[in-house]
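Asker: Quick check, what structure comes out for this input:
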Amino acid sequence: MSDQSRALPDRPSLRYLKLEAKRRLSAGEFAMLHQAQLAIAREHGLPSWTALKEHIEAASHALMQVRWFMSRFAAADTPEWTPPDEEELRRHFDDHYLSLLPPDTLIQVFSSVAQQLREDLADVRAEPLRLHARIADLRVEAATEADPPYRLRTLRLYPLETKVKDPRVAAPATRTFGAVPEEAAAVAAESFAELGLVGLIVAGATGDGSVWVTAQGWASLDQDEALLPEHRFPASSITKLITAVAVLRLVADGRVRLDEPANAYLRTIRLADDAVTVRELLSHTGGVDNLAPMFDDHVPDLVSVTGPVVACGGPRGTFAYGHGGYALLGQLIADVTASSYEEAVSRMVLQPLGMSDSWFPRSVPATGVAIGHRLTDEGLFERVPTQISVVPAAGGLWTTAADLVRFGLGWSSLLPDALAREALRPQAERGDSPGGQTGLGWGLVLPKDVAGHPGAGSGYSASLIIRPGLVSPGGGQTWLVVTNRQVVVEAINERLALPIA
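Answerer: Residues are numbered from 1 along each chain as shown. Modelled structure (predicted):
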């Protein structure tokens, strides 16, 4: 250890200094980690590691901006609160951030967490331009511009799971396929702990289109079975994207027209409203009634689920997410192709994209699948009985992470360019997602240049997103997150697609 003090850099990184302490411990310079940390602190003229940490945090522009944000929005749920105007917001958020989250939307989103913002920051990891911390049950990530006035260019709040007490999920093993980027591996590891998971798969593709998968945790806690990249899981509502592409293939072949009434193609089951079009079914704007229940241990005949005539009680032209419209699209595919939905979609979508590990089971799969779990009030995990979607076209696909990444990368190659672009063109505003719109199957967030679809069932959650780029093979990017516990996972995908650094 040097006996001379060294100045900290202009933008010191506590994370880097932690890694340096671990490196010197591994090199044998010190017997304990706290000794290495103390030595580094003293080398920089500070009496302790705590003092070094506080010194770095005091110089954090990101921390100062987050404290402004907390103080400004903490009273947003009270009558006397006055929201900041655009001029004030632009003093604290850079222009790019406000293009992704316009002022009105920003105020709406952050006002919803006012109660949590009245708590103190905890678990703070602050650097001059970056911050990771916790507020109540929220994880905070922030980053500022590199130069004055150091406005926020990123601010994200994620829900945390804090009540997991199950010792079986400690120290989860990780297994990979392909070349997993370091950033993705770090996001997966952090998210596993933050969300309280049994198993987590994160997948994507490198720049040359090579698929990678990282799987962490367990496929089954009861059987002590590790989660592997090749484990299958229910895609749930992500299946709707597969169905949408199959319909668009029929459009490309001239066998179906987007703006024709769906009843012109339906034979077995019909819509109560003869005017509802294929486009409206694809974009959830046909006013078709939803279906329930959606899960069972086998797939019955569709007519026993929907009845011979499906009601259309909602307003046409307004987005209302549901399964009824896609049940009819599955029947449309079957009627037009004179084959089962499963056979037609396998032939038109799964096989051309090399999705050889994907299928539509008619009963609950017995082997090779990740088992769903739920968290009890005592903080322990228990198995959730496995069920499958009673409507294959709306949620019946079982697949692997690698296969869904292949779909995200290659779906547009199955369509003419103009039709693929039409699938990603906004058809209606989504009332369930600030700034969101709907395409033909795809959910769209145009300011962030991402499209995707979530999937959730009893004991499972998944999220597939793409950054379309050029609508051609290899022209965009794809990320997938799947867990065998039903929690909100979209935030993980956002961290992958829109990283802070």
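
Asker: where in the stretch 101-250 of the chain is pLDDT low?
Answerer: 161-162 (pLDDT under 70).

Asker: right, I mislabeled it, should have said the chain
Answerer: Those would be 1-16, 44-46, 54-59, 161-162, 431-435, 469-475, 500-501, if you go by pLDDT under 70 across the chain.

Asker: Got the domain ranges for this structure?
Answerer: Partitioning the chain according to automatic domain parsing yields domains covering residues 14-58, 61-159, 231-489.

Asker: From the contact counts, what lies against the helix or strand encompassing residue 97?
Answerer: Using DSSP states H and E, residue 97 maps to helix 95-100. Helices and strands touching helix 95-100, by 3 or more Cβ pairs under 8 Å, 6 or more residues apart in numbering; DSSP states H and E, are strand 152-159. In this view, the C-beta of every residue, glycine as well, is placed from N, C-alpha and C.

Asker: hey, C-alpha coordinates of the strand it packs on in PDB?
Answerer: C-alpha atoms of strand 152-159 as PDB (Å, rounded to 0.1, in the frame of the first residue of the first chain):
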ATOM      1  CA  LEU A 152     -31.300  14.000 -15.900                       C
ATOM      2  CA  ARG A 153     -31.000  12.000 -19.000                       C
ATOM      3  CA  THR A 154     -32.500   8.900 -17.400                       C
ATOM      4  CA  LEU A 155     -34.700   8.400 -14.400                       C
ATOM      5  CA  ARG A 156     -36.400   5.000 -13.800                       C
ATOM      6  CA  LEU A 157     -38.400   3.600 -11.000                       C
ATOM      7  CA  TYR A 158     -39.000  -0.100 -10.700                       C
ATOM      8  CA  PRO A 159     -41.100  -2.100  -8.200                       C
END
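
Asker: which parts of it are buried?
Answerer: For strand 152-159, the neighbour count (16 or more other Cβ atoms under 10 Å) marks 152-155, 157-159 as buried.

Asker: Tell me which two of the residues you listed sit farthest apart.
Answerer: 153 and 159 (22.5 Å; Cβ to Cβ).

Asker: so what strands line up beside whatever helix or strand residue 217 lives in?
Answerer: Following DSSP H and E, one finds residue 217 within strand 211-220. Counting by DSSP bridges, the strands paired with strand 211-220 are strand 174-177 (antiparallel), strand 199-205 (antiparallel), strand 225-226 (antiparallel).

Asker: Show me the contact partners of the last one.
Answerer: Pointing back at strand 225-226 there. When contacts are defined by Cβ atoms under 8 Å, 6 or more residues apart in numbering, strand 225-226 is touched by residues 173, 175, 217-219, 371.

Asker: from these, which would you call buried?
Answerer: 175, 217-219, 371.

Asker: So which residues of the stretch 251-400 of the chain form helices?
Answerer: For the stretch 251-400 of the chain, the helices defined by DSSP state H, counting those that start in this stretch cover 278-282, 302-306, 324-337, 341-345, 392-395.

Asker: Ok, which of the ones you listed comes nearest residue 288?
Answerer: In terms of Cβ to Cβ, the element of the helices of the stretch 251-400 of the chain nearest to residue 288 is helix 324-337, at 4.1 Å.

Asker: in that closest one, what's buried?
Answerer: 324-337.

Asker: again, but for stretch 198-209
Answerer: 198-205.

Asker: In PDB, list the C-alpha atoms belonging to that stretch.
Answerer: Extracted C-alpha coordinates of stretch 198-209, given in PDB (Å, rounded to 0.1, in the frame of the first residue of the first chain):
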ATOM      1  CA  VAL A 198     -37.400 -18.500  -8.600                       C
ATOM      2  CA  GLY A 199     -36.100 -18.500 -12.200                       C
ATOM      3  CA  LEU A 200     -35.300 -15.900 -14.700                       C
ATOM      4  CA  ILE A 201     -34.300 -16.200 -18.400                       C
ATOM      5  CA  VAL A 202     -33.000 -13.200 -20.300                       C
ATOM      6  CA  ALA A 203     -32.300 -13.600 -24.000                       C
ATOM      7  CA  GLY A 204     -31.400 -11.600 -27.100                       C
ATOM      8  CA  ALA A 205     -29.200 -11.500 -30.100                       C
ATOM      9  CA  THR A 206     -25.800 -10.100 -31.000                       C
ATOM     10  CA  GLY A 207     -25.200  -7.700 -33.800                       C
ATOM     11  CA  ASP A 208     -24.700 -10.500 -36.300                       C
ATOM     12  CA  GLY A 209     -28.000 -12.100 -35.300                       C
END
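
Asker: The helix holding residue 97: which residues count as buried?
Answerer: So, applying 16+ other Cβ under 10 Å, buried residues of helix 95-100: 97-98, 100.

Asker: going on from that helix, what's the next piece of helix or strand?
Answerer: helix 103-111.

Asker: that older thread, looking at the buried residues of helix 324-337, which is nearest residue 133?
Answerer: residue 326 (40.8 Å).

Asker: For the buried residues of strand 152-159, could you give me JSON lines that also reports distance to residue 51?
Answerer: Formatted as JSON lines, those follow (distance: Cβ to Cβ, whole Å):
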{"residue": "152", "distance to residue 51": "27"}
{"residue": "153", "distance to residue 51": "29"}
{"residue": "154", "distance to residue 51": "28"}
{"residue": "155", "distance to residue 51": "28"}
{"residue": "157", "distance to residue 51": "30"}
{"residue": "158", "distance to residue 51": "30"}
{"residue": "159", "distance to residue 51": "33"}
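
Asker: mind listing what residue 276 touches?
Answerer: Contacts of residue 276 (Cβ under 8 Å, 6+ apart): 261-263, 286-288, 312, 316.

Asker: redo that, cut-off 10 Å
Answerer: By Cβ atoms under 10 Å, 6 or more residues apart in numbering, residue 276 lies in contact with 261-263, 285-288, 310, 312, 316, 325, 328.

Asker: Emit the ChimeraX select command for whichever of the residues you listed are buried.
Answerer: A single ChimeraX command selects the buried members of these (16+ other Cβ under 10 Å):
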select :261,262,263,285,286,287,288,310,312,325,328
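
Asker: Out of the contacts of residue 276, which sit inside strands?
Answerer: Counted as lying in strands by DSSP state E, out of the contacts of residue 276, are residue 310.

Asker: picking that back up, closest one to residue 395 among the strands paired with strand 211-220?
Answerer: Per Cβ to Cβ, nearest to residue 395 of the strands paired with strand 211-220: strand 199-205, 18.4 Å.

Asker: can you pull out the helices in the stretch 1-150 of the chain?
Answerer: According to DSSP H, counting those that start in this stretch, the helices that the stretch 1-150 of the chain contains are 14-26, 33-43, 49-58, 61-73, 86-92, 95-100, 103-111, 114-117.

Asker: Is it possible to get JSON lines of these that adds distance to residue 389?
Answerer: Listed next are the helices of the stretch 1-150 of the chain as JSON lines, based on distance: least, Cβ to Cβ, whole Å:
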{"stretch": "helix 14-26", "distance to residue 389": "43"}
{"stretch": "helix 33-43", "distance to residue 389": "49"}
{"stretch": "helix 49-58", "distance to residue 389": "49"}
{"stretch": "helix 61-73", "distance to residue 389": "40"}
{"stretch": "helix 86-92", "distance to residue 389": "43"}
{"stretch": "helix 95-100", "distance to residue 389": "33"}
{"stretch": "helix 103-111", "distance to residue 389": "31"}
{"stretch": "helix 114-117", "distance to residue 389": "35"}
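
Asker: residues contacting the closest residue to residue 233 other than its chain neighbours?
Answerer: Leaving out its chain neighbours, the residue that sits closest to residue 233 by Cβ to Cβ, 6 or more residues apart in numbering is residue 370, at 4.8 Å. Residues counted as contacts of residue 370 (Cβ under 10 Å, 6+ apart) are 198-199, 201, 215, 217-220, 225, 227-228, 231-234, 386, 459-460, 482-484.

Asker: before we move on, what about residue 86?
Answerer: Contacts of residue 86 by Cβ under 10 Å, 6+ apart are 98, 102-104, 106-107.

Asker: Which among those count as buried?
Answerer: Looks like the contacts of residue 86 have 98, 102-103, 106-107 buried, using 16+ other Cβ under 10 Å.
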